[in-house]
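1. Task: produce atomic coordinates for the following.
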Amino acid sequence: MKKILVGLTYDLREDYLKMGFSKEETAEFDKIDTIEGIEEALHFNGYETERIGNVNALMLQLINRKRWDIVFNICEGLYGIGREAQVPAILDIYKIPYTFSDPMVLSLTLHKAMAKRIVRDLGLNTPDFFVINKIEELKNENHPYPLFAKPLSEGTGKGIDDKSKVNNFEQLFDTVKNLLEKFNQPVLVEEYLPGREFTVGIVGTGNETKSTGLMEVKLLNQNEELIYSYHNKENYKGVIDYTIPEKEIKDACEELAVAAWKGLECRDGGRVDIRIDKNGKPAFIEVNPLAGLNPVHSDLPILSRKNGLEYNELIGIIMKSAIQRIG
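-> Next up is the predicted model:
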């Protein structure tokens with residue numbers, strides 16, 4: 001029986017570093033060991049693979065009439081609110097199926113405020129927020145402190161550091177101004193959530209959605225306040241501790257994460273980030289429908305493994321989800 005041929009689309013970090021992009025600019029892109037890990041896991045599950053590369057490599061191969069049975073897509077893209085949607089949109093044109101979410105979902109969820117509006121409309125708990133497009137707009141805002149500011153559409157903790165939590169207008173002004181200038185995009189400002197932080201693994205689509213487990217994100221230095229920043233994510237060893245929480249909080253977080261995933265119509269696999277609010281209730285922070293898949297360092301494989309789901313099995317479940325919905 002002929003094996004299913006899986007094309008792999010990805011942004012290789014070293015390629016962009018050679019082009020002059022910074023480490024922070026390429027933080028969401030993958031190292032070669034991630035591609036090798038996914039490829040080995042697909043082989044373990046009985047698939048044949050072929051590396052494609054980034055969106056430019058994909059377009060070139062499609063023009064030359066190259067085709068695959070399905071594409072395992074982890075491309076993050078570079079520019080614009082639709083950067084994660086570029087590869088899926090191109091594959092839709094050629095009627096080639098792919099893993100993970102469609103262009104609409106990938107654009108929607110990258111715009112963190114739009115995703116939160118839908119989550120809020122679904123009746124799910126998420127902190128109050130507002131969006132600043134220009135620094136002059138701050139004069140019209142009057143929200144209780146503390147607040148938390150971050151770029152509207154970045155991942156991997158980019159733009160988040162110890163200045164993200166603000167306790168007064170002066171701090172808010174400085175942080176928002178810096179973010180607007182550095183990232184050239186709007187800034188999302190939220191009510192600060194003082195409680196514990198969790199990330200929940202998700203697999204499946206629609207009614208087949210389920211959690212792969214969750215883990216709590218803790219700073220090893222208990223004297224510091226947890227800011228799950230770009231720096232902490234890049235250097236998590238010795239800084240961050242990942243633990244499995246008690247059943248009561250686990251059940252509540254998983255219920256919220258699954259409801260948000262289904263409501264936003266995400267597909268196949270990813271993560272939902274949650275933090276406990278001032279009332280002790282889990283609150284939706286954001287969803288990652290293109291979660292990192294490094295076998296060792298990425299949150300989704302780490303939390304899945306801590307909850308008894310090994311990497312090869314995780315990749316196998318993601319592929320089964322995609323194939324099942326494609327039919």
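
2. which residues touch Asp102?
-> Contact analysis of Asp102 by CB atoms under 8 Å, 6 or more residues apart in numbering lists 85, 88, 92, 267. All C-beta spots, glycine's among them, are computed from the backbone N, C-alpha and C.

3. where does the closest residue to Gly269 other than its chain neighbours land in three-state SS?
-> In space, and not counting its chain neighbours, Gly269 is closest to Ile318: 4.2 Å by CB to CB, 6 or more residues apart in numbering. Three-state assignment for Ile318 (DSSP: H, G, I helix; E, B strand; the rest coil): helix.

4. Would you confirm that Ile318 contacts Pro289?
-> No - taking contacts as CB atoms under 8 Å, Ile318 lies outside contact range of Pro289: 11.6 Å.

5. quick one: the strands in the stretch 151-300 of the chain?
-> 165-166, 187-191, 197-203, 210-219, 240-243, 269-276, 282-288 (DSSP state E, counting those that start in this stretch).

6. out of the ones you listed, which comes closest to Glu36?
-> Ranking those by proximity to Glu36 (CB to CB) places strand 269-276 first, at 18.9 Å.

7. Quick one: mean pLDDT over the closest one.
-> Average pLDDT, strand 269-276: 98.

8. Quickly run through the sheet partners of it, with directions.
-> According to DSSP bridges, strand 269-276 forms sheet pairs with strand 197-203 (antiparallel), strand 282-288 (antiparallel).

9. Tell me which of these lies nearest to Thr99.
-> strand 197-203 (11.2 Å).

10. contacting residues around that closest one?
-> 209-217, 226, 228, 245, 249, 253-254, 257-258, 261, 266, 268-276, 282, 291, 299-300, 303-304, 307, 309, 314, 317-318, 321.

11. Need the residue closest to the centroid of this protein.
-> Asn288 (2.6 Å; CA atoms, centre = their mean).

12. May I have the beta-bridge partners of it?
-> Beta-bridge pairing for Asn288 (DSSP bridges): Arg271.

13. who touches it in this structure?
-> 109, 155, 270-273.

14. how close does Gln185 sit to Asp92?
-> Using CB to CB, to the nearest Å, one gets 26 Å for the distance from Gln185 to Asp92.

15. Those two - which one has more neighbours?
-> Gln185 (17 against 14; other CB atoms under 10 Å).

16. Now the more buried one, what are its backbone angles?
-> phi -160, psi 160 (degrees, to the nearest 10).

17. what sits against the nearest residue to Leu172 once chain neighbours are set aside?
-> Closest residue in space to Leu172, ignoring its immediate chain neighbours: Val166 at 4.3 Å, by CB to CB, 6+ apart. Under the criterion of CB under 8 Å, 6+ apart, the neighbours of Val166 are 145-149, 172, 175.

18. Which strands or helices does the helix or strand where Met114 lies pack on?
-> Met114 belongs to helix 112-121 when assigned by DSSP states H and E. If contacts are counted by 3 or more CB pairs under 8 Å, 6 or more residues apart in numbering; DSSP states H and E, helix 112-121 sits against helix 103-110, strand 129-132, helix 247-263, strand 282-288.

19. what angle separates the longest one from strand 282-288?
-> When you say that, I think you mean helix 247-263. On the basis of axes from the mean of the first three to the mean of the last three CA atoms, to 10 degrees, helix 247-263 is oriented at 50 degrees to strand 282-288.

20. Flag every buried residue along helix 247-263.
-> Buried positions in helix 247-263, judged by neighbour count with 16 or more other CB atoms under 10 Å: 249-250, 252-254, 256-263.

21. repeat for the shortest one
-> Of the residues in strand 129-132, those buried by neighbour count under the rule 16+ other CB under 10 Å are 129-130, 132.

22. other SSEs contacting it?
-> Contacts defined by 3+ CB pairs under 8 Å, 6+ apart place strand 129-132 against helix 112-121, strand 187-191.

23. switch the cut-off to 6 Å
-> Under the contact definition 3 or more CB pairs under 6 Å, 6 or more residues apart in numbering; DSSP states H and E, strand 129-132 sits against strand 187-191.

24. could you check the angle strand 269-276 makes with the strand it packs on?
-> Using the same axes, to 10 degrees: strand 187-191 against strand 269-276 is 50 degrees.

25. No further questions, thank you.
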